[in-house]
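Visitor: this is a predicted model, with the sequence first.
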Amino acid sequence: MTFIDVIQKERQELLRSICRNGSQGNRSHSAISKFVLDRIFVSDKHKILFCQTPKVGNTQWKKVLIVLNGAFSSIEDIPENVVHDHDKNGLPRLSSYSMADVRERYGSTQPYCILEFSLVTNFDNIAIL
């Protein structure tokens, strides 16, 4: 088994253990900070809560949600500067809702996670001691 195989196996097991452990899902919604709620975007029509995650196609997933929410008809029509301009892109943040509305949305959506699956490291030339 190569070093990369070992790292990938460790990462997959960590992800499995976190997903099996329901403790993250049982957090009180009042315990979730505004910082976190600011990074979760809402599509009520499709019952989607999207948490922006850097380096996993975040910009493209935001474009998909912008189209789903009806602000633009196609992802090709969305100017790059609008994607991350949250006053113009038509994506409401979860932080803009009351705690009662946050709880309702958490209870009526299916959680999912988008991950980067790196098989090749960008640091191939660095010796690991």
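Guide: Looks like it came in fine. Residues are numbered from 1 along each chain as shown.
Visitor: and stretch 43-61, what's buried?
Guide: Going by neighbour count (16 or more other C-beta atoms under 10 Å), the buried part of stretch 43-61 is 43, 48-52, 58, 61. For every residue, glycine as well, the C-beta is placed using N, CA and C.
Visitor: same deal with stretch 69-79?
Guide: For stretch 69-79, a neighbour-count test (16+ other C-beta under 10 Å) marks 69, 72, 78 as buried.
Visitor: between these, which is nearest Gln110?
Guide: Asn69 (17.8 Å; C-beta to C-beta).
Visitor: hang on, the earlier thing: inside strands: which ones of the buried residues of stretch 69-79?
Guide: Using DSSP state E, the subset of the buried residues of stretch 69-79 located in strands is empty.
Visitor: looking at those residues, which is nearest Ser96?
Guide: Of all the buried residues of stretch 69-79, Asn69 has the smallest distance to Ser96: 13.6 Å, by C-beta to C-beta.
Visitor: what residues are up against that closest one?
Guide: 43, 45, 90-91 (C-beta atoms under 8 Å, 6 or more residues apart in numbering).
Visitor: and those, which is the shakiest by pLDDT?
Guide: Across the set of these, Gly90 stands lowest in pLDDT, at 85.
Visitor: right, and that residue touches Leu68 too?
Guide: No. Applying C-beta atoms under 8 Å as the test, Gly90 and Leu68 come out as separate, 9.7 Å apart.
Visitor: give me the more crowded residue out of these two.
Guide: Neighbours of Gly90 and Leu68, each counted by other C-beta atoms under 10 Å, are more numerous for Gly90; the result is 18 against 15.
Visitor: what about that one? Give its phi and psi, please.
Guide: Dihedral pair for Gly90: phi 80, psi 10, per degrees, to the nearest 10.
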